[in-house]
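Trainee: how would this look folded up:
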Amino acid sequence: MNTNVILFVTIAVVLLAIVIFSYFLGRKKQGIENWYVGGRSLPLYVQIGTQFATVMGGAVIVGLVGTAYSSGWSTLTYGLLTMVGFIPFLFMAKWLRNSEFETLPDIIKKIYGNHPVLSVLTILSTLIVPFGWMITQLVGFGKIFSTITGVDASLMVTIFAVISLAFVLPAGMTSVAWTDFIFGCAMAVGAVIAFFMALDMGGGFQTIMSSTPSEISDFPSGLVGVGMGTVLFWVFGVMPGNLTNQQLYQRIFSANNSRNATISIGVTAVLFAVATFWSSTIGLTVRSLNPSLGSPENATGWFLTQTPSWFLIMFAVFIVATIMSTLSSAVQSVVVTITKDIYTNYVNPDVKEKKLVSISRIVSVGVLALAVALANFYPQALGWIIASFAYSVSALLVPILGGFILRDKEVLDYRAGIASIVMGVAGSAIAHSLGSDLYVLFGLIASVVGLTVSYFILAAGVASTKAKES
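Mentor: Model (predicted):
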């Protein structure tokens, strides 16, 4: 009980300090551009901090540690595949930053033109990933802190959601990005200490590896300990997933210049792979110490209960910081899509900037309430991330990458975008309903077919028109 009291008081003090910082930042950085894209003025170190904090969160701290507990070095495979998936961003970052975009649907509109059906499909597809991330962070927090404190997980999820609003409401992206930077620095320090403490608890790296099943801890065979079927799903569903994650696009849009946007993406990709090595080590350590843990996703919480009280309190604060930053980023991303791409574009185009900021804050409360309900209904951290990535990739990956490659051909229009999205989602959904574990692959194939066929039909039409004119 004494540890719980100290823990909650410490967290409250730290969060209060950051909330005050966010409040004063919000007073200084007002206006809808600050809410949407941080005033397009984030310096490189803040860019790296907010990108890294965004891709961390509950999936890495809870979900991937749980995967390492049950499947060993497969977690590192997840991280390496994700790192590879960042590569296209390096070629796109300059164009993305210099095009004055605010949301992912802006990109689709730029490539394929403006059409209400295409806009609706893009908006719905865009909301999948950040909303899934919101739920993941809530689940992750609930699992860790219910294990540490004994408090009901549903209650912890609700409290955490309410607190997170204090980081989003003041200035949107600006306050989220700067608090991300602070939280990211804190988490890096805590993670390094936790890493060496885990090695000490487990009796050293070699002892940990020898105390866990060889099929998951041997290297490199342990990289596929989760099974080749799951690894292949990650290749097609997770590896390209961040290319459909609006949160990362918004941070590119928010950079103070295109060069820093590109650098921050590259650094974030490497840091994420390093983070999953950390998750692997923690998960395998817990497996060696407690091979009969009920739920793998409770591994991080159990690990912390075995550490000294001072470390449990310190690292718990860092966990709150990391999950809080990712949650606030996801909330802000969902809200921007709803208020800009739906409300401003279709409901009230003449809305005043001050009122739009107020509406954004109200919508923040609404989307978080829905996320809390879903997190308590299906409390699986990594499951939400993987499912959201899979359907988002099926819908948007081909239209984004294919559209970027073909953007200067002056052939594509809204019909190509609609065909690619609809066929991608349909292909994935049909394969999923038939029981395929690689349903995302079928979605991608269908999406490619939709874009390719549309391109050649449209190109033939353009050629015919030019022939008639000549």
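
Trainee: Pull out the buried positions in the longest helix seen in the chain.
Mentor: When the chain is parsed with DSSP state H, its longest helix is helix 116-149. Neighbour counts using 16 or more other Cβ atoms under 10 Å place 118-119, 121-123, 125-149 of helix 116-149 among the buried residues. Heads up, the C-betas are built off the backbone N, CA and C, glycines and all.

Trainee: Next: stretch 405-412.
Mentor: In stretch 405-412, counting by 16+ other Cβ under 10 Å, buried: Leu406, Val411, Leu412.

Trainee: Likewise for stretch 104-114?
Mentor: Leu104, Pro105, Asp106, Ile107, Ile108, Lys109, Lys110, Ile111, Tyr112.

Trainee: Please state the backbone phi and psi of Thr276?
Mentor: phi -80, psi -20 (degrees, to the nearest 10).

Trainee: can you check Pro349 too?
Mentor: Per-residue torsions, Pro349: phi -60, psi -20 (degrees, to the nearest 10).

Trainee: What is the burial count for it?
Mentor: Residues lying near Pro349 (other Cβ atoms under 10 Å) number 8.

Trainee: quick one: pLDDT of it?
Mentor: Note on Pro349: pLDDT of 85.

Trainee: Can you tell me how far it is from Lys340?
Mentor: Distance check for Pro349 against Lys340: by Cβ to Cβ, to the nearest Å, it reads 11 Å.

Trainee: could you give the angle of the helix or strand encompassing Leu401 to helix 116-149?
Mentor: Element membership for Leu401, per DSSP states H and E: helix 381-406. Relative orientation of helix 381-406 versus helix 116-149 (axes from the mean of the first three to the mean of the last three Cα atoms, to 10 degrees): 150 degrees.

Trainee: helices or strands up against helix 381-406?
Mentor: Applying 3 or more Cβ pairs under 8 Å, 6 or more residues apart in numbering; DSSP states H and E, we find helix 381-406 packed against helix 64-71, helix 87-98, helix 104-112, helix 116-149, helix 414-433, helix 439-469.

Trainee: wait, which of those is closest to Thr322?
Mentor: Closest to Thr322 of those, according to Cβ to Cβ: helix 116-149, at 9.0 Å.

Trainee: what's the angle between that closest one and helix 64-71?
Mentor: 70 degrees.

Trainee: Quick check: mean pLDDT of the helix or strand following helix 116-149?
Mentor: The element immediately downstream of helix 116-149 (helix or strand, assigned by DSSP H and E) is helix 153-168. Helix 153-168 shows a mean pLDDT of 76.

Trainee: Between the buried residues of stretch 104-114, which sits nearest Met197?
Mentor: Of all the buried residues of stretch 104-114, Met197 sits closest to Leu104, with 39.8 Å by Cβ to Cβ.

Trainee: In contact with the closest one, which residues are there?
Mentor: For Leu104, the residues meeting the contact criterion (Cβ atoms under 8 Å, 6 or more residues apart in numbering) are Thr122, Thr126, Thr244, Gln246, Tyr249, Thr337, Leu396, Ile400.

Trainee: give me that answer again for 7 Å
Mentor: Thr126, Gln246, Tyr249 (Cβ atoms under 7 Å, 6 or more residues apart in numbering).

Trainee: Quickly note the distance from the closest residue to the first one other than its chain neighbours to Gln332.
Mentor: Going back to what we said before, that points to Thr126. Excluding the flanking residues, the one nearest Thr126 by Cβ to Cβ, 6 or more residues apart in numbering is Leu104, at 4.7 Å. Counting by Cβ to Cβ, the separation of Leu104 from Gln332 is 14 Å.

Trainee: ok so, going back, state the mean pLDDT of the longest helix of the chain.
Mentor: The average pLDDT within helix 116-149 is 83.

Trainee: From the chain's centroid, how far away is that helix?
Mentor: 8 Å (Cα atoms, centre = their mean, to the nearest Å).

Trainee: Columns distance to Gly204 on top of the helices and strands packed on helix 381-406, output as TSV?
Mentor: Listed next are these as TSV, based on distance: least, Cβ to Cβ, whole Å:
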stretch	distance to Gly204
helix 64-71	17
helix 87-98	35
helix 104-112	46
helix 116-149	26
helix 414-433	44
helix 439-469	39
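
Trainee: closest one to Met324 among these?
Mentor: helix 116-149 (7.8 Å).

Trainee: Report the backbone C-alpha coordinates of stretch 416-433 in PDB.
Mentor: Listed next in PDB are the C-alpha coordinates belonging to stretch 416-433 (Å, rounded to 0.1, in the frame of the first residue of the first chain):
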ATOM      1  CA  ALA A 416      -8.200   4.900 -59.700                       C
ATOM      2  CA  GLY A 417      -8.100   5.800 -56.000                       C
ATOM      3  CA  ILE A 418     -11.500   4.500 -55.300                       C
ATOM      4  CA  ALA A 419     -10.800   1.200 -57.200                       C
ATOM      5  CA  SER A 420      -7.600   0.600 -55.300                       C
ATOM      6  CA  ILE A 421      -9.000   1.300 -51.900                       C
ATOM      7  CA  VAL A 422     -12.300  -0.700 -52.400                       C
ATOM      8  CA  MET A 423     -10.600  -3.700 -54.000                       C
ATOM      9  CA  GLY A 424      -7.900  -3.700 -51.300                       C
ATOM     10  CA  VAL A 425     -10.400  -3.700 -48.400                       C
ATOM     11  CA  ALA A 426     -12.600  -6.200 -50.100                       C
ATOM     12  CA  GLY A 427      -9.800  -8.600 -51.000                       C
ATOM     13  CA  SER A 428      -8.500  -8.500 -47.400                       C
ATOM     14  CA  ALA A 429     -12.000  -8.900 -45.800                       C
ATOM     15  CA  ILE A 430     -13.000 -11.800 -48.100                       C
ATOM     16  CA  ALA A 431      -9.700 -13.600 -47.400                       C
ATOM     17  CA  HIS A 432     -10.100 -12.900 -43.700                       C
ATOM     18  CA  SER A 433     -13.700 -14.200 -43.600                       C
END
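
Trainee: got the angle for the longest helix of the chain vs helix 414-433?
Mentor: Interaxial angle of helix 116-149 relative to helix 414-433 (the same axes, to 10 degrees): 40 degrees.

Trainee: angle of helix 116-149 against helix 153-168?
Mentor: Relative orientation of helix 116-149 versus helix 153-168 (the same axes, to 10 degrees): 120 degrees.

Trainee: Could you measure from Val9 over to Gly142?
Mentor: Distance of Val9 to Gly142, given as Cβ to Cβ: 20 Å.

Trainee: my bad, Tyr112
Mentor: Tyr112 is 40 Å from Gly142, by Cβ to Cβ.

Trainee: What count of nearby residues applies to Gln206?
Mentor: By other Cβ under 10 Å, the residues close to Gln206 number 9.

Trainee: right, I mislabeled it, should have said Thr10
Mentor: With other Cβ under 10 Å as criterion, Thr10 counts 15.
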